[in-house]
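Trainee: Pasting the sequence and the predicted model now:
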Amino acid sequence: MQLTVWTYEGPPHVGAMRIATAMEGVHYVLHAPQGDTYADLLFTMIERRSKRPPVTYTTFQARDLGKDTAELFQKAARDAYARFAPQAMLVGASCTAELIQDDPAGLAEAMQLPCPVVALELPSYQRKENWGAAETFYHLVRTMCQGVTPAPRGERARPSANLLGPTALGFRHRDDVIEITRLLDSLGIAVNVTAPLGATPADLARLGDADFNICLYPEIADTTCRWLERQYGQQTVRTVPIGHGATRDFIAEVAALAGVDPAAVLDTSNLPWWSRSVDSTYLTGKRVFIFGDATHAIAAARVAREELGFEVVGLGCYNREFARDLREAAKLYGVEPLITDDYLEVEDAIQALQPELVLGTQMERHIAKRLRIPCAVISAPVHVQDFPARYSPQMGFEGANVLFDTWVHPLVMGLEEHLLTMFRDDFEFSDSAGASHLGHGSAVASQPQPAAEPVAATPAELIAGWSAEAEKELLKIPFFVRGKARRNTERYATELGIAAITLETLYDAKAHYAR
Amino acid sequence: MTPALPATLPGCSDAPVLRERGQREVFCGLTGIIWLHRKVQDAFFLVVGSRTCAHLLQSAAGVMVFAEPRFGTAIIEERDLAGMADCNEELDRVVDRLLARRPDIKLLFLVGSCPSEVIKLDLSRAAARLSVKHAGSTKILNYSGSGIETTFTEGEDACLAALVPDLAADTSDQPSLMLVGALPDVVEDQFLRIFAELGIARVHSFPARRSGAMPPVGPNTRFLLAQPFLGETARTLESRGATRLDALFPFGAEGTTSWLHAAAQAFGIDEMHFRRVIAPGRERAKRAIAHSRTRLEGKRVTFLPDSQLEIPLARFLATELGMQPVEVGTPYLHRRHLAQELALLPRDTLISEGQDVDLQLDRVRAARPDLTVCGLGLANPLEAEGLTTKWAIELVFSPIHGFDQAGDLAELFARPLRRRDVLRV
């Protein structure tokens, strides 16, 4: 048993729902107790979808358990087919139904429904949402491609590719697909099928017609891409085009595979100049903590260091399936990889590192809010405010522009940072005022000022106590760097065996850590 | 004083009930933890369940409660099911760790879920065992919030019913009044002020805000249900000798008057005094409701089953705001507790119990009511079809009881219609 407060991922059947809901012409019959229907609201409320997810739940109750829950399942499947007439059906069990072992697969097969039926085996007590989505997509593709011989390649005027991985409830998937489709179009490459988002089962049967595949979201599409490689000999573009540099790499990889000239579409993002322009100087070396799904976290780390000049002080992901990739990336930045789905562990890491910016999921946004650290969201899981009305991709050149804006916005701006440092006593520069461009809404509730009395040193941790004078001086340091100053000073004092931190210690430490 | 009720309505007391058994688009009883964990300030709710349970709690909360919540999930894993780990030992370990981290917790609920029920994990034995282990610091109780046994608000019913056997025996020979059901603190305080003014001396709230302050119960206890979904709690209180006071539920001016009046009568409060005490609140409520009446009068409303609040709320809308209920769906119909409510519903109202959501939505599409009260999963899809909706969950999460919330309650129904009229997009 694992004690959990918040989870980064739902159960695997929610992953299957993300595939079914993304597609047209698919219906999912889920053997599940009443209550599991809560998952509908993820799509209708958080993502603001205007249609109910195409899911029929059997919603069995305790009184059904003694009787025939299998019959209940078959009735639900029969009714769902009659009402929705899907091109293909998914059948499966949620965590509770898995325990009663009604075998939806066998039951559905016995019914001989007049459409392809994909039976999902998603072990709820071992696996999670992303895995469930990947597995569902893979089995659906396999089923629909069965016995299909693709049209011969190379006879069309334009090379073509499949865009694989975007789902319902994905972080900016809707806009990433638009951005990448445009990018491919300007390279002269047609999109054969985008899936699962917006695709029908019939579209999946045409996947083999494309010249190659683009794996936009490895968490969802990697399994399927590997199978397509084996099945149809299609190569896979694996560079994820998040950030300016990665988008250029992506274009190069795509152009090489498609045999087209990439020159026309390179360098169309504002990010390089926005980052080189002098106003951005203050971004240099900002300490950033990054956490999310592995793909978004790894991509964010590259953008943070290479394109914004930040220092990556922490990097982690919640999906163990991609832990190896994340460990590799962490080596590049010389940080300890944090691979966990326990948000308390992430909170501890952020607290210990005192970064100046957190890039994470909705969990990290809440953690950062509590610790009064600026934060931008870069990865699922996300909440309703992260499904914006405006066009806001993460991928491609427009995506790079979006990253620059959304990551820089939460920070205190360049010259303002200096003014805050110089005129600490200005009454309007109080800690609780926050950054001026963020308005009063962002003002953090004023917290009680730390007591000016020296904190007693705890022998066990050997953390030096603060003199009243030094503590007071510390308060003159702007709130957004105060945590770091405190931590650095204490570390400096500990290393040198200084028992009491004085004004001198504070400034000695400042000189020691000057960059 | 008998509330001014339209005597011409024959009511739905004997109306046939449409019972349906199909897909139920409802929350399970675990959802109640979202408000219960804020009500009892030193209690913690530990769900023993699956990842789905944990995911439900964080999704149903809508905006996550990020002030360290007093709930969590012990997620059952493969090794627990495969017998590689002993579920009871694992649970003890989780509870030990939890209580070590939160020594402020005085009352811990082990909350059963669908998976724990299906694998027959005996949480009452676990609670007894752990109570001994943590005796003196934390009391440990259990109830089931599983979807196979409870629908949404029945979770609160199960939780309160689990507390009843532990309530102290009331040995006083004076009668006492117990308000039953988790009310927002502000509403509870309003009621307590009114009862004090009426001159009822011994008044307790159940649940209390702290686990050590739970009220005593005994043959001299008279109780008022503040919520219509507390059938099991009422039964257990009655089994300890307490007497339920029958009344309308305290929604709107009339409902609140009836509810307070039942207590006043039981405690022999002078009728003139009762009228004097409630007059200002009753008048305020009527004034506040009047704002929404023009917008809601004559409008047709359908309730899809959600919280069991449907019938009292439909009664409020029909008798005080002039709305016409088309269909009133409820997950479970407690005829005895709702007898007075049913009598006040217009006779042509379709009462339905249980759900087959696709069939019910077909009826909604055919009837096209002006307002459909429904769960979060259905609201946006119905709006997209051109039907105006009200999220039912807001009726559970907002203060809506009593005189001083009657206007807010009416406004909750009026706002979606006003919004529909104001938008030009």
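Mentor: Received, thanks.
Trainee: gap between stretch B:37-57 and the chain center?
Mentor: Distance of stretch B:37-57 from the chain centroid (CA atoms, centre = their mean, to the nearest Å) equals 17 Å.
Trainee: got the buried residues for it?
Mentor: Using 16 or more other CB atoms under 10 Å in any protein chain shown as the test for burial, stretch B:37-57 gives B:37-40, B:42-57. Heads up, the C-betas are built off the backbone N, CA and C, glycines and all.
Trainee: pLDDT at the closest residue to chain B within chain A, what is it?
Mentor: Per CB to the nearest CB, A:G35 is where chain A lies closest to chain B, at 2.6 Å. A:G35 carries a pLDDT value of 93.
Trainee: I'd guessed it sits against B:Q23; true?
Mentor: No - using CB atoms under 8 Å, A:G35 is not in contact with B:Q23, being 11.9 Å away.
Trainee: okay, these two: which has more neighbours?
Mentor: The residue with more neighbours, out of A:G35 and B:Q23, is A:G35; 34 against 24, by other CB atoms under 10 Å in any protein chain shown.
Trainee: ok now do the more buried one, which residues does it touch?
Mentor: By CB atoms under 8 Å, 6 or more residues apart in numbering or on different chains, A:G35 lies in contact with A:59, B:26-31, B:56, B:114, B:146-147, B:151.
Trainee: The same query, at a cut-off of 7 Å, please.
Mentor: B:27-28, B:56, B:147 (CB atoms under 7 Å, 6 or more residues apart in numbering or on different chains).
Trainee: List the ones among those that fall in strands.
Mentor: Assigned to strands by DSSP state E, none of those qualify.
Trainee: now, which of those residues lie close to chain A?
Mentor: Residues of the contacts of A:G35 in contact with chain A (CB under 7 Å from any CB of the partner chain): B:27-28, B:56, B:147.
Trainee: Three-state assignment for the closest residue to B:G252 other than its chain neighbours, please.
Mentor: Computed as CB to CB, 6 or more residues apart in numbering or on different chains, the closest residue to B:G252 that is not its neighbour in sequence is B:F316, at 4.1 Å. The three-state assignment at B:F316 reads helix, by DSSP: H, G, I helix; E, B strand; the rest coil.
Trainee: didn't B:F316 look like it was pressed against B:T256?
Mentor: No - in this structure, B:F316 is not within contact of B:T256 by CB atoms under 7 Å, at 9.9 Å.
Trainee: which residues are common contacts for those two?
Mentor: By CB under 7 Å, 6+ apart, no residue touches both B:F316 and B:T256.
Trainee: Residue in the stretch 151-300 of chain B with the shortest distance to chain A?
Mentor: The stretch 151-300 of chain B approaches chain A most closely through B:T151 (6.6 Å), counting by CB to the nearest CB.
Trainee: Please give the number of neighbouring residues around that residue.
Mentor: A count of neighbours around B:T151, defined by other CB under 10 Å, yields 27.
Trainee: re the thing from before, any idea how far the residue of chain A closest to chain B lies from B:R24?
Mentor: Distance from A:G35 to B:R24, counting by CB to CB, to the nearest Å: 9 Å.
Trainee: A:I501 too?
Mentor: Going from A:I501 to B:R24 by CB to CB gives 62 Å.
Trainee: now B:D362
Mentor: Remark: distance between B:D362 and B:R24 (CB to CB) = 16 Å.
Trainee: With B:S258 instead?
Mentor: From B:S258 to B:R24 the distance is 31 Å (CB to CB).
Trainee: ok, the two, which is more surrounded?
Mentor: With neighbours defined as other CB under 10 Å, B:S258 and B:R24 compare such that B:R24 has more, 26 against 22.
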